[in-house]
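Got a predicted structure here, sequence first:
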Amino acid sequence: MSFQRKDLLGMEDLSSEEIIFILDTAKSFREILERPIKMVPTLRGKTVANLFFEPSTRTRLSFELAEKRLNATALSFSSLGSSVAKGETLLDTAKNILAMKVDCFVLRHTSPGTPHLLARELDVSVINAGDGAHEHPTQALLDLYTIRERKGRVEGLKMAIVGDISHSRVARSNIWGMVKLGAEVRICGPPTLIPPDIERMGAKVFYSPEKALQGVDVVMMLRIQKERQTRGLIPSVNEYKEFFSLTEERLDLARKDALVMHPGPVNRGVELPARIADGGRSIILDQVTNGVAVRMAILYLLLGKRRQARVK
Amino acid sequence: MALLIKGGRLIDPANGRDEELDILIEEGKIGKIARDIRALGRRIIDASGKVVSPGFIDLHTHLRQPGREDEETIETGSRAAAKGGFTTVCAMPNTEPPVDDPSLVEFVYGEARRCALVEVLPIATITAGRKGKDLSPMGRLSRAGAVAFSDDGEWVSDSNLMRRALEYVKMLNLPLISHCEDKTLSQEGVMNEGYCSTTLGLSGMPKQAEEVAVFRDLVLLGMTGSRLHVAHLSTSRGVELVREAKREGLRVTSEVTPHHLALTDREVRSFNTNTKMNPPLREEEDVAALKQGLKDGTIDIIATDHAPHAFEEKEVDYVMAPFGITSLETALGLVIRELLEKGTLTLMEILAKMTVNPARILGMAIGRIEEGARADLAIFDPKKTWKVREEEFLSRSTNSPFIGWELPGKVEWTIAGGRVVYQDRK
């Protein structure tokens, strides 16, 4: 098995073999993160441009570090403080940066399909770091890596994803990934935040955590945004908290060895009480550590081997 | 200058005619229709093996002038229309400024007279400024020559105002064309709401936004006894509502676009912004219902909803891109592919939807081939295929999802008012 793609745009089109291959590759890079010198010369001479049109802490720094640890040059662009304020389009921004001879774009944007636009129009590798509510493949991959590392497998596990599913790229990417690797996926949230026909993606829908969390192996909590209140989707964040936050009582319904996950940033005291976020079952920070390894693996798989020049 | 069209298969739905006949055109009118008209030194167009139809009539075109001449003008739009076989187009009033004043109706007529290749008829707005608050001066607009009223792009959401608008047009005997969309339901949606929008993470426009609006409009139609034309139907329930209203004797007509017959929301997976339009592409069941609606007469006409957009405006992400595609030049090809070749309608039935039926809605004696009538004709080969190439569009804009498609049905000649306004040069 080898990874033949030019881009990583989403989980929906990846095969389970490709996913496992990426996770296996990430294992060797994870080991590097334990060494005193956390560097390998794998991508020396390559330049990766991180284009972030949305705020980000984890994903941005994680990619930057992954690039630097592979000895690539990391170029970070943030739309804040750039000529985007003067009306420059995404495509123009990318073309200009590409003209500076970079080898790869990592793109985070508010609009679905933007990495696909770059991948289609430009002759360079594109990694989707989150396109609106559509996909966040590197997040799902690091989540799957973390679960597999802790539980030894993904197949047959019961997962619950709780929160604002309709606006969540993390939920979508994880549903694809988990279903492809054979897990049972349950999604849970108020009906107004569950998108139509999502059962067709292979997930079971629950409106109450009391039902969704029964006997699960993994609980993944998502952040709830205040904006959903003003849009008539939930009456208030307080009511949401009352019905959907991960209290001790709710967590006790899961298996004793259940894992608590969150893509971050955590709204402490909203979807997750501080004590659970910092508690023994929480592997939130492991997710972050593994994220660097998984991103190193993806960069390696896309850029590491000598690729034949694509004729456009 | 006399023109003789020889050997073509004349299909004229208005008179139920389908036979091989020659047509002599003199002084802009149909002079004679008969077999074997003698040449006598007249210019001959050899139409053997081709269909000669009345020129098509489009009840729903956006020509963008005044205001967005970078996207299209009355002149360039008329060239695109001619290439598509259209000899009459009705220009929607959502221009900048909108056509809500007689002076703007006169402007459209003036521009058309000056440089349009085909007949351009202005539609005026229902409400002042298309703002949905006050009635526009529909009486004076009709005196100035507006042929219909529409706030297209917007639905008149104030039910009382729509009731009064429907009542008022009764004295003018002109159609009110409604863009049925309850925007409180479709909000920031950019595609059909359903499984596709769920997997793509894009905000959806539920079918119910159209259904609710169609239903409300039909209730008001029943209340007022007026006349209503439902623009660009896209949902199966919408078709069903119109079918039932007709059964009850309400004076409602409706239209469908060629692209809503050819594509579903699955196309959006490519994130090609030329799959973004309003109403959005729906699902298979809706396409089937639209075709059935055409077959049983629930849907009276095919209208293009030609919506040119500047390349730069479509070259952005899906959420930011404006709604709409260019449609005049691919209309015939798409309807032949989706309706004739798939056996849903005969050629006569298809042409009726593009000639006599729209003419009837407008209340005008056009869309027919009769001695003494204006010579508006489209000559095409329903079997000849052609490839849709971006550089060959005559419209100023090329925002089409059909670029690269092979379509059947090539317009070879278009004659408007007795003049050749389009000739295929291949």
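Right, received. Where do you want to start? Numbers count the residues shown, from 1 in each chain, chains lettered A, B, ... in the order given.

If you average pLDDT per helix and strand, which one of chain B comes out bottom?
Here the helix or strand of chain B ranked lowest by mean pLDDT, DSSP states H and E is helix B:311-314, holding a mean of 92.

list the buried ones in it?
B:E313, B:K314 (16 or more other CB atoms under 10 Å in any protein chain shown). C-beta here means a position set from N, CA and C on the backbone, and glycine is covered the same way.

to the chain's geometric centre, what's the distance from that helix?
Distance, stretch centre to chain centre, for helix B:311-314: 23 Å (CA atoms, centre = their mean, to the nearest Å).

what packs against the helix or strand just after it?
Following helix B:311-314 in sequence order, the next helix or strand is helix B:331-335 (DSSP states H and E). For helix B:331-335, the elements it packs on are strand B:56-61, helix B:259-262, strand B:377-387, strand B:406-416, judged by 3 or more CB pairs under 8 Å, 6 or more residues apart in numbering or on different chains; DSSP states H and E.

Out of those, which one sits most buried?
Most buried of the helices and strands packed on helix B:331-335 by mean neighbour count (mean count of other CB atoms under 10 Å in any protein chain shown) is strand B:56-61; its value is a mean of 29.

Any chance you could list what contacts the very next helix or strand once past that one?
Downstream of strand B:56-61, the next assigned helix or strand under DSSP H and E is helix B:74-83. Helix B:74-83 is contacted by residues B:58, B:61, B:63-65, B:72, B:87, B:89, B:91, B:108, B:111-112, B:115-118, B:120, B:306, B:308, B:326, B:328-329, B:393-396, B:411, B:414, B:416, B:421-422 when judged by CB atoms under 8 Å, 6 or more residues apart in numbering or on different chains.

swap in stretch B:45-53?
Stretch B:45-53 is touched from outside by B:3-12, B:23, B:85, B:347, B:351, B:355, B:369, B:377-382, B:412-413, B:420, with contacts defined as CB under 8 Å, 6+ apart.

average pLDDT for it?
Stretch B:45-53 shows a mean pLDDT of 96.

what's the first-to-last distance across it?
End-to-end distance of stretch B:45-53 (CA to CA, to the nearest Å): 14 Å.

Kindly report the same for stretch B:175-183.
From its first residue to its last, stretch B:175-183 covers 23 Å (CA to CA).

The closest residue to chain A within the stretch 1-150 of chain B - nearest residue in space that isn't next to it in sequence?
Closest approach between the stretch 1-150 of chain B and chain A, counting by CB to the nearest CB: B:D70, at 16.4 Å. In space, and not counting its chain neighbours, B:D70 is closest to B:A310: 5.5 Å by CB to CB, 6 or more residues apart in numbering or on different chains.

got the contact list for the one you found?
The neighbours of B:A310, taking CB under 8 Å, 6+ apart as the test, are B:R68, B:D70, B:E71, B:S397.

Which strands and helices lie in contact with the least confident helix or strand of chain B?
Taking 3+ CB pairs under 8 Å, 6+ apart as the contact cut, helix B:311-314 packs with no helix or strand.

what's the pLDDT at the spatially closest residue to A:S16 that is not a sequence neighbour?
Using CB to CB, 6+ apart and skipping residues adjacent in sequence, the residue nearest A:S16 is A:K180, 4.5 Å away. The model reports A:K180 with a pLDDT of 98.
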